[in-house]
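Novice: Attaching a predicted model along with its sequence, questions to come.
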Amino acid sequence: VYKDLNEPWEDGNPIRAELGRRTGRTSVPSVWIGGVYVGGCNDGPSLEAPGIVPLAFSGKLQEKLAAAASAAAVTVDAWSPAGDLDSPMTLD
């Protein structure tokens, strides 16, 4: 799910605040695979969430993507324009 957090700012600011509460980071991109936070583009807060580029170079990105794809249904956070972060959306 893609959401522009800059336009309009009043919609994006609450989402950045929620990202901070959930991940300890408010920067974007915030990459989630199969409902699990994996960091940003080239960095992350921990060894478990090092960012998408380090995952790709380590060979773990394909494993995570395959595991998420093989799940019967993948649940992601759906962000409405109102900033509702607690409405799960299931993709079949």
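Specialist: It's in.

Novice: List the buried residues in the longest helix seen in the chain.
Specialist: Longest among the helix segments of the chain by residue count, using DSSP state H, is helix 9-23. Neighbour counts over helix 9-23 (16 or more other CB atoms under 10 Å) mark 11-12, 15-16, 18-19, 23 as buried. Quick note: C-beta positions are derived from backbone N, CA and C, even for glycine.

Novice: which one of those residues is nearest Val36?
Specialist: Thr23 (10.9 Å; CB to CB).

Novice: so who does the closest one touch?
Specialist: Thr23 is in contact with 30, 37, 45, 49, counting by CB atoms under 8 Å, 6 or more residues apart in numbering.

Novice: Now do the strands for the protein: every range, in order, please.
Specialist: Ranges of strands in the chain, per DSSP state E, are 31-33, 36-39, 74-78, 87-91.

Novice: quick one: low-confidence parts of the protein?
Specialist: For the chain, the stretches flagged by pLDDT under 70 are 72-92.

Novice: again, only using 50
Specialist: 72, 74, 76, 78-84, 87-92 (pLDDT under 50).

Novice: related to what we said a few turns ago, using JSON lines, lay out the buried residues of helix 9-23 together with distance to Lys64.
Specialist: Formatted as JSON lines, the buried residues of helix 9-23 follow (distance: CB to CB, whole Å):
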{"residue": "Asp11", "distance to Lys64": "29"}
{"residue": "Gly12", "distance to Lys64": "27"}
{"residue": "Ile15", "distance to Lys64": "23"}
{"residue": "Arg16", "distance to Lys64": "24"}
{"residue": "Glu18", "distance to Lys64": "23"}
{"residue": "Leu19", "distance to Lys64": "20"}
{"residue": "Thr23", "distance to Lys64": "16"}
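
Novice: Identify, from the residues you listed, the entry nearest to Lys3.
Specialist: Ile15 (6.5 Å).
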